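**Q** Okay, predicted coordinates and the sequence, questions at the end:
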Amino acid sequence: MNQPDIIDDSLDKPNRVDLQDNTIQGELESNNQHRMAPTLEPTIPIDEILSTDPIMRVTLWIGSFGIYNESILTFYSNGFVKRELLILQTFGGEQRIGSGWYNQDDSAKVLKKFNSFKTHLWPELFVETETITHDGTQWKLEVCKKGEDTRSYSGSNAYPPKWRSLKKLFGHY
């Protein structure tokens with residue numbers, strides 16, 4: 001039996017944007033459960049970001065052989081957190097991978113997660129004890145809190161507890 005050709009004429013009908021509720025008429029009219037209004041407002045007002053001081057800056061460097069990643073978490077007095085990710089090379093090259101702000105709810109979670117590592121209890125140097133690795137990973141974590149001395153921790157092929165979770169918090173997967 002011959003099947004009738006199915007004609008899709010949806011491309012022939014122009015869609016109209018309704019400025020009252022930011023929906024596209026024609027495409028979504030028949031299915032209200034899939035109506036989506038685009039958000040055009042920034043999630044964090046710029047004046048909230050600019051009118052605050054950083055209270056803590058934590059930098060994590062991970063790498064070897066002249067190439068390393070630098071991740072920075074900056075905690076602000078208004079509760080926001082900014083994360084920056086860079087790839088740096090000893091020959092002067094720098095590539096920004098990403099930068100973004102957490103909203104206040106997520107910022108509180110980031111601070112809680114960072115505090116769970118209890119870096120203030122870490123030794124300054126993590127030393128590889130079992131074997132000597134000649135081509136491994138070096139890292140350094142620097143914690144700068146407003147009004148306090150900077151604390152630095154580092155290691156070469158030796159890591160603090162919850163190392164993978166720490167790297168993930170800083171954007172290293």
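**A** Structure received. What you see is a predicted model; the values in this text were computed from it and never measured.
**Q** Other residues contacting the helix of greatest length in the chain?
**A** Longest helix in the chain, counting residues (DSSP state H): helix 104-116. With contact meaning C-beta atoms under 8 Å, 6 or more residues apart in numbering, helix 104-116 is reached by 58, 73, 75, 78-81, 83, 102, 162, 165, 169. The way it works is simple: take the backbone N, C-alpha and C, and place the C-beta from them, glycine included.
**Q** Now for the nearest residue to residue 100 once chain neighbours are set aside: which residues touch it?
**A** Among residues not flanking residue 100 along the chain, residue 83 sits closest, at 6.1 Å (C-beta to C-beta, 6 or more residues apart in numbering). Contacts for residue 83 (C-beta under 8 Å, 6+ apart) come out as 71-74, 98-102, 110, 170-171.
**Q** Okay, residue 83 and residue 150: tell me how far apart.
**A** 19 Å (C-beta to C-beta, to the nearest Å).
**Q** can you give me the strands for this structure?
**A** Using DSSP state E, the strands assigned to the chain run over residues 16-18, 23-25, 54-64, 67-76, 81-89, 94-102, 125-126, 138-145, 151-156.
**Q** Could you save those as a markdown table and add columns showing mean pLDDT and distance to residue 119?
**A** Output for the strands of the chain, formatted as a markdown table (pLDDT from 0 to 100; distance: least, C-beta to C-beta, whole Å):
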| stretch | mean pLDDT | distance to residue 119 |
| --- | --- | --- |
| strand 16-18 | 38 | 51 |
| strand 23-25 | 39 | 49 |
| strand 54-64 | 93 | 8 |
| strand 67-76 | 90 | 12 |
| strand 81-89 | 82 | 16 |
| strand 94-102 | 76 | 19 |
| strand 125-126 | 94 | 12 |
| strand 138-145 | 96 | 6 |
| strand 151-156 | 95 | 7 |
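**Q** now those strands as CSV including distance to residue 117?
**A** Putting those into CSV (distance: least, C-beta to C-beta, whole Å) gives the following:
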stretch, distance to residue 117
strand 16-18, 48
strand 23-25, 46
strand 54-64, 10
strand 67-76, 12
strand 81-89, 15
strand 94-102, 17
strand 125-126, 13
strand 138-145, 9
strand 151-156, 10
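**Q** that older thread, which among the contacts of residue 83 count as buried?
**A** 71-74, 101-102, 110, 170-171 (16 or more other C-beta atoms under 10 Å).
**Q** which among those gets closest to residue 146?
**A** Proximity of those to residue 146 (C-beta to C-beta) peaks at residue 74, which lies at 11.2 Å.
**Q** Dig out what residue 71 forms beta bridges with.
**A** On the basis of DSSP bridges, residue 71 is bridged to residue 60, residue 85.
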